[in-house]
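# starting from these lines, generate the structure:
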Amino acid sequence: MDVRRRSWFLMGALAVSTLLLSIVLFGLWGARLQPASGQASLLGTGLQSGPLETSTKTYSPDTLYAGDTVTFAIALRNTSTATLGITVTDQLVAALEIVCGSEQVNPATGWPVCDAQQNVITYTAPITAHSVITLSFQAVISASLMPGQVITNTVWIDDGMHILTRSVTLTLADPTQYVYLPLVIRRWPPLPYPPTNPDVTPPNMQGNYTLSWDYIGFPDITAPTSYVLEEALDAVFSDPTVYEPGLNTSYSFTGKLPDMYYYRVRGQNSYGPGDWTYFPPVNVTREFFDDFSDPSSGWRTGEVERYNFWDPNHYGLEVVGNLNYVDGHYQIYVPRHRGSWPPGEVDTFWVWPAVAAPLPPDAYPLPDRYCVEVRAAFVNPSYWAGRWGVVFGANTNFDQLYAFNITDIQNRAMIYYQNYHFPGNSNYRHCDYQNDCAPNQKHYLLPWYQENYRDPAIHEGNAYNTLKIVVRGDWVYSYANGVLLDERAFSFPRDRIGLMGGSWEVTPIDLRIDYFHYQPYCPESLQ
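Numbers count the residues shown, from 1 in each chain. All right, here's what the predicted structure looks like:
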């Protein structure tokens, strides 16, 4: 071989060696970037500052072998102040086989679609403001995989404007780490086996629920002498709170603040602690939200009657209003007054029906900190006397009401309705004839503005207005469309909340309430 050919040969060999070395170094560097087992890695952009950015995906148990069943949990967190329509798609890789029928959603706002043939699960549902939805399902790991095999699984989350991905990476363990004994088996050391049948009762509106588990079918030598229960705010238990239930196989919680909680339990004996058993995530919301899309959600409906003391020619009961579910709204309707032009058929001066929200009984009494938010609009504003508001505190009988009211001409007031008598009436003639002026006394905690004054924060006419009451102990903060209008302190009952709406003198009034949202321990109340 001459000198020139040797030179070309040496240069080629050097180039190939350099390329191979780069590939090896890149592979080692990439391996160091591999996410830890059980934790989510961000394999996608989008929503970097969006309302679902804190959503996570996790799996359990921590140690997995070929042929095992793995449970995936996707926590969808909406940190915004709006309800989002989301679509979740989890297309499993070939190394995983989805187990249809294992899917669960908490809270059950919809149901996932599991397609075993396509090896995919999808979930489409709304997620309300400041809430968390957890979707969990199981998959079987292929039994033909080798120890050390790495499996990555990705979920896609679409809120209609952004797409977010969350991935988890599983690394299969080596079963040779275990010692296999003959059929006459002794577990050594005889640590407790993982507890079985982990279960959680649904949290109620007071934040109360119970965890339970079993320990059955194993020799006495491995039985636990006590249990350890851990609670965390993340699926990897980075900063757990430890509870010691002793030998009890259940543990109850009361008054939990809204959040997503993760739990795991294990037994321990004189040889040490056993393996963990994981519970499904517990989503404590304590919230009540109604967008009035379900006509059976529990609000009062039907005709509203009142005895007419005003007109001597028309004594007796008259239908002065209607309460209905209409077009995804809750309607408070007051018909045209008899004395208007053109005239109506009934007396509808000072009609303002107040209705209690259909919260479950375990929601009461209300805590010392909460928010009530309502959105509504007039279909046919009177530009004179249409009014509506939020009842943020009332007694059990719903006749001692504390309400924040606005009108369709941008006025506002906070009123204590003493001896409120449904559906509202100043009852001057009732007082004259019955010598009884007790019903419907009004005490202004925040008076109406003087005539012709309008608050620019309140939308007039048939525009939507969003009213929000924030309660911090005895302090009450009233907002209209995100603007603070008033703050003051006073005592009031906390046995009921609700809505009111109607008219003073000008009718008809057609009020449509878009949604009602009660949130105990809302972020604003904790400031």
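
# in three-state terms, label residue 384 for me.
Per DSSP: H, G, I helix; E, B strand; the rest coil, the local secondary structure of residue 384 is coil.

# give the contact list for it.
408, 409, 504, 505, 506 (C-beta atoms under 8 Å, 6 or more residues apart in numbering). No exception for glycine: its C-beta is placed from N, CA and C like everyone else's.

# just those now: which is nearest residue 281?
Closest approach to residue 281 among those (C-beta to C-beta): residue 408, at 45.0 Å.

# any weak-confidence spans in this structure?
Scanning the chain for pLDDT under 70 picks out 1-49, 176-187, 217-218, 383, 426-438.

# tell me where it has helices.
3-32, 428-434 (DSSP state H).

# tell me the contacts of the nearest residue to residue 264 once chain neighbours are set aside?
What sits nearest to residue 264 in space, not counting adjacent residues and going by C-beta to C-beta, 6 or more residues apart in numbering, is residue 276, at 4.4 Å. Residues in contact with residue 276 (C-beta under 8 Å, 6+ apart) are 61, 62, 194, 264, 265, 266.

# dump the residue contacts of the closest residue to residue 413 other than its chain neighbours.
Excluding its sequence neighbours, the residue lying closest to residue 413 (C-beta to C-beta, 6+ apart) is residue 448, at 4.5 Å. The neighbours of residue 448, taking C-beta under 8 Å, 6+ apart as the test, are 407, 411, 412, 413.

# ok, residue 448 to residue 82 distance?
31 Å (C-beta to C-beta, to the nearest Å).

# show the contacting residues for residue 418.
Residue 418 neighbours (C-beta under 8 Å, 6+ apart): 400, 441, 442, 443.

# any idea how far residue 393 is from it?
According to C-beta to C-beta, residue 418 and residue 393 sit 13 Å apart.

# gap between the two ends of stretch 304-314?
End-to-end span of stretch 304-314 (C-alpha to C-alpha, to the nearest Å): 17 Å.

# I misspoke; the intended subject was stretch 80-93.
End-to-end distance for stretch 80-93, by C-alpha to C-alpha: 32 Å.

# for stretch 130-149, same thing?
39 Å.

# quick one: buried residues of it?
By 16 or more other C-beta atoms under 10 Å, the buried positions in stretch 130-149 come out as 130-139, 141-142, 145.

# same thing with stretch 51-68?
Buried residues in stretch 51-68 (16+ other C-beta under 10 Å): 51, 52, 55, 56, 57, 58, 59, 60, 61, 64, 66.

# next, find the distance separating residue 58 from residue 165.
Taking C-beta to C-beta, one finds residue 58 at 15 Å from residue 165.

# nope, residue 481 is what I was after
Residue 481 is 35 Å from residue 165, by C-beta to C-beta.

# what about the two, which has more around it?
Set residue 481 next to residue 165 and count neighbours by other C-beta atoms under 10 Å: residue 165 wins out with 19 against 16.

# just checking, the more buried one touches residue 157?
Yes: look at residue 165 against residue 157 with C-beta atoms under 8 Å: they come within range, at 7.3 Å.

# residue 492 - how many residues pack around it?
16.

# for residue 326, which non-adjacent residue is spatially closest?
Nearest to residue 326 is residue 512, by C-beta to C-beta, 6+ apart, at 6.9 Å.

# for the most centrally placed residue in the chain, which residues are in contact?
Closest residue to the average C-alpha location of the chain: residue 131 at 3.2 Å, with C-alpha atoms, centre = their mean. Contact partners of residue 131, counting by C-beta under 8 Å, 6+ apart, are 77, 78, 285, 287.

# give me phi/psi at the closest residue to the first one other than its chain neighbours?
Sequence neighbours aside, residue 54 is the residue nearest to residue 77 in space, at 4.4 Å (criterion: C-beta to C-beta, 6+ apart). Reported as degrees, to the nearest 10, the phi and psi values for residue 54 are phi -90, psi 10.

# surely residue 54 is in contact with residue 78?
No: the pair residue 54 / residue 78 is not scored as a contact, 9.2 Å apart, by C-beta under 8 Å.

# check the offset of stretch 197-211 from the chain's centre.
16 Å (C-alpha atoms, centre = their mean, to the nearest Å).

# for it, give me every contacting residue.
Residues from elsewhere that reach stretch 197-211 (C-beta under 8 Å, 6+ apart): 212-214, 229, 250-258, 263, 265, 277-280, 282-286, 288, 359-360, 362-363, 520.

# likewise stretch 469-480?
Here stretch 469-480 has contacts from 366, 368-373, 390, 392-393, 404, 406, 412, 414, 446, 455, 457-458, 465-468, 484-492, 522, 524-525, 527, using C-beta under 8 Å, 6+ apart.

# just the ones in strands from the residues you listed, please.
Among the contacts of stretch 469-480, the residues falling in strands (DSSP state E) are 369-373, 390, 392-393, 404, 406, 412, 414, 446, 465-468, 484-489.

# burial check on the nearest residue to residue 285 once chain neighbours are set aside, number of neighbours?
Leaving out its chain neighbours, the residue that sits closest to residue 285 by C-beta to C-beta, 6+ apart is residue 258, at 5.4 Å. Neighbour count for residue 258, taken as other C-beta under 10 Å: 19.

# OK, contacts around the spatially closest residue to residue 211 that is not a sequence neighbour?
Counting by C-beta to C-beta, 6+ apart, residue 211 lies nearest to residue 251, which is 5.1 Å off, once chain neighbours are set aside. By C-beta under 8 Å, 6+ apart, the contact list for residue 251 reads 210, 211, 212, 229, 243, 245.

# with residue 51 as the reference, measure out to the fifth one.
Here the criterion is C-beta to C-beta. By it, residue 243 lies 33 Å from residue 51.

# that older thread, reformat the contacts of residue 448 as JSON lines; add distance to residue 89 and neighbour count.
Converted to JSON lines, the contacts of residue 448 look like this (distance: C-beta to C-beta, whole Å; neighbours: other C-beta atoms under 10 Å):
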{"residue": "407", "distance to residue 89": "47", "neighbour count": "25"}
{"residue": "411", "distance to residue 89": "49", "neighbour count": "20"}
{"residue": "412", "distance to residue 89": "46", "neighbour count": "23"}
{"residue": "413", "distance to residue 89": "50", "neighbour count": "20"}
